[in-house]
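Novice: Here is a sequence together with a model predicted from it:
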Amino acid sequence: MQIPEYYNPVARDIAQVLVEGFNKHYRLFRETGRYAKTLFEQQDWEGIQQTIRDRIQFYDERVSETVLRLQQEFHANLLDDEIWQQTKLYFIGLLTNHKQPECAETFFNSVFCRILHRDYFNNDFIFLRPAIATDYIDSDPPTYRSYYPRTVGLRRVLRQIIGDFDWETPFAHLARDIGCVLRAAWMHLGGEWPVIEANLQIQVLATPFYRNKAAWILGKVVNGGTSYPFALAVFHDAEGRLTLDTVLLEPWRIGILFSFSRAYFLVDMEVPSGYVQFLRSMLPTKNKGELYTMLGLQKQGKNIFYRDFIHHLKHSNDNFTIAPGIKGLVMLVFTLPSYPYVFKLIKDVFGGPKETDHAMVMRKYQLVKRHDRVGRMADTLEFSNVAFPKARFTAELLAELRAQVPSLLEEDEERIVIRHLYIERRMKPLNLYLAQVNAEEKARAVRDYGDAIKELAAANIFPGDMLYKNFGVTRYGRVIFYDYDEIEYLTDCHFRHIPEAPNLEMEMSGEVWYPVARGDVFPEEFATFLLGDPEVRRVFLEHHADLLTPEFWQTKQERIRAGFIEDFFPYPQHLRFGRSRGRAC
C-alpha cells in the first residue's frame, strides 16, 4: 500500500471507531467466559447452553452497530479511496500493543465489506494477510502456568494445578482422583515412568474450558525434548461436589474435544493467539482456523479458513466436481478432491414433495449452528459472494450449477461468484460406507448410527429424514448427521402408532388409511426404508429396536420438557474413572 503524503483526521477518527467497536465485542466475549465459571459451579447447564447460543450473535451485532455509527457520523459509503487507505494505516497503528490484533483485523474487514460492495474495494483496503504479528504477546495473567514436580512430587503438583483454578465447589475425593490420573498416565506409558529430566515441567492453560456439564483443564508435560499433552475432565457428582471423570492422554482423543461436531467452548482469554499457539503444540493436526472456531471465535476461524483455501487453490490444480453419493433434493453439493471440505448450495427449485423454502432451510442451518451438536451434527461455515476460478470447474458441475442454482451465480470469463453457500467438513456418506466395508465394520457403523440418533434425540433434535445418505462417517469412524433441511426440535414432533387398518383390503392397498397432520411421525415406518439389508436389519434390531416405537421418542420428549439435560461424554465409557461402578479407577 502506498503511504499518502498527508493524513486526514476523518481517517483517524474512523479507525478509532473501528477499534472501539471491536473492543466492545471482545469485552462482552470475555464476560461470557468468566460467567461460565459461575454457571458451572451452580450446575446451570441450560444457562451454559444459552450463553453459547447468545454469544454466537455478538460479533454480527457489534459489526452492525459499528457500520451504523460510521454511516451516521461519516457517511462511510461515500468516502474516497484515499481516506480508506489512511484509515487502514491508522488502524494498524492502534493495534501495535493490542492483545487481539488478528481478531481486530478481521473485524475491520467485516465492517468494511458491509459498507462497500465487493466491486468497489480492493485488497489494499482490507487485511488480506495479517499486518500485526501475534507471537509473544504478553498476557496478564500469563496464557499458561508452569509447575515443577521434581521438587515437590507429582501428586502435590496436580493438587496445586487444580487448586489454582479456584473453584468454590469442593472436590469429593481429590486425592483418589489424582491417584486415578497417575495410574492412567502410568498405564498409557506402558507401565514404566520415563527418565525424569532436570527441566521437567507441567504447563497448563490458565483458564478452564467450559462446555455442557464439564470443565476441562488442558496442558502438557514437558520432559526434556518430549512433550505429553493431557486433558482433565471435571464434572459434578450426584451430591454436587466436583470430581475428575477422566484424563485424556492421546492427542487424537484430545483433538476430538475440538471436533467440528461439538459445541464451541466458553473460555476467558486475554490473548487468544496464545491459547491457539499452545493448543497447536498439543494438537499438531489441528489448524489455527479450527481452534479459533472451537474457542468461540468463529469469525476469526472462518477468516483463516478462507485464507487457507485461497492458498490451497494457488498450490493445487485439480478441479471442482460434483460430490459423490446420492444427489439431494434441496442442496447441490460439490467438492475439490484435494481439499477435505464440501460446498453446499440451496437449490432454486426443490425436487420431490418438499414443504420448505430457501428461508426455512437457512433457519435450519442456523438452528444447528446455535444448538448443542453433542458430537453428532457437523458444523458449517456460511459464506456470501465467494469467487471461484471458473477454469477449475468441470463441465458437468458448471452445467449442474447453471441448471439448479442460477439465482446464486454471477459469471464472467475468469470467475464464478456464488452469492451464498455453506462449507462443511467432507465425510464418507454412510450409504456408500455400508456398501463398501466388511461385515464387522458394517455392524459397528449401524450401531453407531443408532447411537447417533439417540444422542440427537436426547439433545432435542429429530433428524427428519433418517436415510443413510444424510449421515457421514468421519476419519475416526464416528457417524455424523449433516443434512438439515428436514431437521426439527424433537418436542415439536408428534410420535404416533400406525392405527390398525379397518379391513385387509385397505391394509394391502398401499394407501394411507389414517389422517396425518403436520409434525406427525410414525416410527414403525422407519424399518421400511432403513432395514432392507438383512445384515443391517439384524444388527439394528439387536441394538436399536426401540427406535421403531413411539414410546422411545415420547419418553425423550417427556425428559426434555421436564428440563433434564443429558450427559454427553466426548470419550468412551471405559475411559471414565468409574466410581459409579464401584471401583476406584
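Specialist: Done, it's in. Residues are numbered from 1 along each chain as shown.

Novice: in stretch 43-59, what counts as buried?
Specialist: For stretch 43-59, the neighbour count (16 or more other C-beta atoms under 10 Å) marks 45, 48-49, 51-52, 55, 58-59 as buried. Any C-beta I mention is one placed from the backbone N, CA and C, and that applies to glycine too.

Novice: Redo those as CSV? Include secondary structure, pLDDT and distance to residue 74.
Specialist: Shown next, in CSV, are these (DSSP: H, G, I helix; E, B strand; the rest coil; pLDDT from 0 to 100; distance: C-beta to C-beta, whole Å):
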residue, secondary structure, pLDDT, distance to residue 74
45, helix, 95, 45
48, helix, 96, 40
49, helix, 93, 39
51, helix, 96, 34
52, helix, 95, 35
55, helix, 95, 29
58, helix, 95, 24
59, helix, 96, 22
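
Novice: could those residues go into a markdown table alongside distance to residue 470?
Specialist: A markdown table is the format used below for those (distance: C-beta to C-beta, whole Å):
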| residue | distance to residue 470 |
| --- | --- |
| 45 | 28 |
| 48 | 29 |
| 49 | 25 |
| 51 | 30 |
| 52 | 25 |
| 55 | 29 |
| 58 | 31 |
| 59 | 30 |
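
Novice: and which of the residues you listed is nearest to residue 217?
Specialist: residue 48 (17.0 Å; C-beta to C-beta).

Novice: Which residue, neighbours along the chain excluded, lies closest to the closest one?
Specialist: Spatial nearest neighbour of residue 48, excluding adjacent residues (C-beta to C-beta, 6 or more residues apart in numbering): residue 39 at 4.9 Å.

Novice: didn't the one you found look like it was pressed against residue 49?
Specialist: No: counting by C-beta atoms under 8 Å, residue 39 stays clear of residue 49, with 9.5 Å between them.

Novice: Give the residue spans of this protein that score low on pLDDT.
Specialist: 1-7, 117-124, 352-354, 501, 503-511, 513, 579-584 (pLDDT under 70).

Novice: Nearest the geometric middle of this structure, what residue?
Specialist: By C-alpha atoms, centre = their mean, the chain has its centre lying nearest to residue 260, at 3.9 Å.

Novice: Could you tell me how many residues sit around the closest residue to that residue other than its chain neighbours?
Specialist: Spatial nearest neighbour of residue 260, chain neighbours left out: residue 379 (4.6 Å); criterion: C-beta to C-beta, 6+ apart. Neighbourhood size, residue 379 [other C-beta atoms under 10 Å]: 21.

Novice: isn't residue 379 right next to residue 293, touching?
Specialist: Yes: with contact defined as C-beta under 8 Å, residue 379 and residue 293 form a contacting pair (7.5 Å).

Novice: Overlap in contacts, the two.
Specialist: Residues touching both residue 379 and residue 293 (C-beta atoms under 8 Å, 6 or more residues apart in numbering): none.

Novice: follow-up on the earlier one: how about the residue nearest to residue 260, phi and psi?
Specialist: phi -70, psi 150 (degrees, to the nearest 10).

Novice: Let me see the contact set for it.
Specialist: Residues in contact with residue 379 (C-beta under 8 Å, 6+ apart) are 260-261, 293, 368-369, 373, 424-425.

Novice: for those, which one is nearest residue 464?
Specialist: Minimum distance to residue 464 across the contacts of residue 379 is 12.2 Å, recorded for residue 368 (C-beta to C-beta).
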